[in-house]
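K.L.:
here are the coordinates; sequence isn't available:
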């Protein structure tokens, strides 16, 4: 079913077995990436055949990490709409402005993709207890998929996490532990409990498979645009799994011979000005991010003081000739309102941040009127109401 062949350290390139439980490369302190036998896949896998399958993320199953389909845990994630934004495009002087609306995923956010892949693979490997630190949406998604698989779930999240995230986790049977502090403190506590009690930690990039679910967003974009890629992708970035996953998908599609041209999108990271470690590192020409002290923003998914995959994110920005922007909470709220009034989309603050960032790019002349530009709304605005 799957062409998954092995795992590879993103730094030293050492190989790890994919049929055993793996976390990350302890020597390099770097994420592991799933690698597939793309030469065989190119000979046998037809992109048009995939297109004809029933909709959903798992129609790309040969390029996802689960060997036995009996272990797939799905709630209908994937194939979210790519919406043309005609009114906003006209206002901004952009002819081809789109939004990929991930709020239509199960549990209301793009986190469903990554957790479907990660929890499914964990189940296949015999894991029955999963634990995660979260700023909100990842916890609700993990709880849902763990429940779907009859697995135990434990979630650490900040006390000021939106109530919807807390309640959706609890109603799915997860143990929810609210803490004083940010996701970085939650990660430390979850990691300690995992080591002491034998839980499997599904923290961002501390296991190899969440990025695999997120990468399918890249496959869907290419398919929708008839196997060409957009000129610019504007993406809200906390841990960066989606950004890294999509770039990985572009590499895979090129190796498969599926892309009609080799032009890659310029990738744009948008962060909140109250927590912008990637922006600061990018502007400084650094290869790694420093820990952001005193992180504060209404966009809880962007309140990540340091990503475990910071060097991968920064490399993608530079390889793609992209950029990184920080936007204020005030600008996020204005953009959220503008998107709702102009296009009827109630985006999460993280998704609205991409419009605020695009407004800056337009003012700078960084984007051209005829370029194909895709914003990502990663979650449902309703989940942030208290």
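P.N.:
Yes, it's here. What you see is a predicted model; the values in this text were computed from it and never measured. Numbers count the residues shown, from 1 in each chain.
K.L.:
from here on, contacts and neighbour counts on C-alpha atoms
P.N.:
Noted.
K.L.:
now the strands: where do they sit in the stretch 51-200 of the chain?
P.N.:
Listed in chain order, the strands of the stretch 51-200 of the chain (DSSP state E, counting those that start in this stretch) span 82-84, 96-101, 129-133, 152-158, 175-179, 200-201.
K.L.:
closest to residue 329 out of those?
P.N.:
With CA to CA, the closest approach to residue 329 among the strands of the stretch 51-200 of the chain belongs to strand 152-158: 19.1 Å.
K.L.:
Can you name every helix or strand that that closest one contacts?
P.N.:
When contacts are defined as 3 or more CA pairs under 8 Å, 6 or more residues apart in numbering; DSSP states H and E, strand 152-158 sits against strand 129-133, helix 137-148, strand 175-179, helix 183-197.
K.L.:
that older thread, next, format the strands of the stretch 51-200 of the chain as JSON lines and append distance to residue 299.
P.N.:
Listed next are those as JSON lines, based on distance: least, CA to CA, whole Å:
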{"stretch": "strand 82-84", "distance to residue 299": "22"}
{"stretch": "strand 96-101", "distance to residue 299": "17"}
{"stretch": "strand 129-133", "distance to residue 299": "16"}
{"stretch": "strand 152-158", "distance to residue 299": "13"}
{"stretch": "strand 175-179", "distance to residue 299": "18"}
{"stretch": "strand 200-201", "distance to residue 299": "24"}
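K.L.:
could those go into JSON lines alongside mean pLDDT?
P.N.:
Putting those into JSON lines (pLDDT from 0 to 100) gives the following:
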{"stretch": "strand 82-84", "mean pLDDT": "98"}
{"stretch": "strand 96-101", "mean pLDDT": "98"}
{"stretch": "strand 129-133", "mean pLDDT": "97"}
{"stretch": "strand 152-158", "mean pLDDT": "97"}
{"stretch": "strand 175-179", "mean pLDDT": "97"}
{"stretch": "strand 200-201", "mean pLDDT": "96"}
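K.L.:
In a markdown table: those, plus mean neighbour count and distance to residue 139.
P.N.:
Converted to a markdown table, those look like this (neighbours: other CA atoms under 10 Å; distance: least, CA to CA, whole Å):
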| stretch | mean neighbour count | distance to residue 139 |
| --- | --- | --- |
| strand 82-84 | 16 | 25 |
| strand 96-101 | 21 | 20 |
| strand 129-133 | 25 | 7 |
| strand 152-158 | 25 | 6 |
| strand 175-179 | 16 | 9 |
| strand 200-201 | 24 | 12 |
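K.L.:
Quick one: end-to-end distance for stretch 266-280.
P.N.:
One end of stretch 266-280 sits 19 Å from the other (CA to CA, to the nearest Å).
K.L.:
and residue 95, which of the helices and strands packed on strand 152-158 is closest to it?
P.N.:
Proximity to residue 95 (CA to CA) singles out helix 137-148 among these, at 32.5 Å.
K.L.:
The closest one to strand 129-133, inter-axis angle?
P.N.:
If you take axes from the mean of the first three to the mean of the last three CA atoms, to 10 degrees, helix 137-148 sits at 170 degrees to strand 129-133.
K.L.:
Leaving aside the residues adjacent along the chain, what's closest to the residue nearest in space to the middle of the chain?
P.N.:
Central residue of the chain (CA atoms, centre = their mean): residue 242, 2.7 Å from the mean position. Closest residue to residue 242 apart from its sequence neighbours, by CA to CA, 6 or more residues apart in numbering: residue 214 at 5.1 Å.
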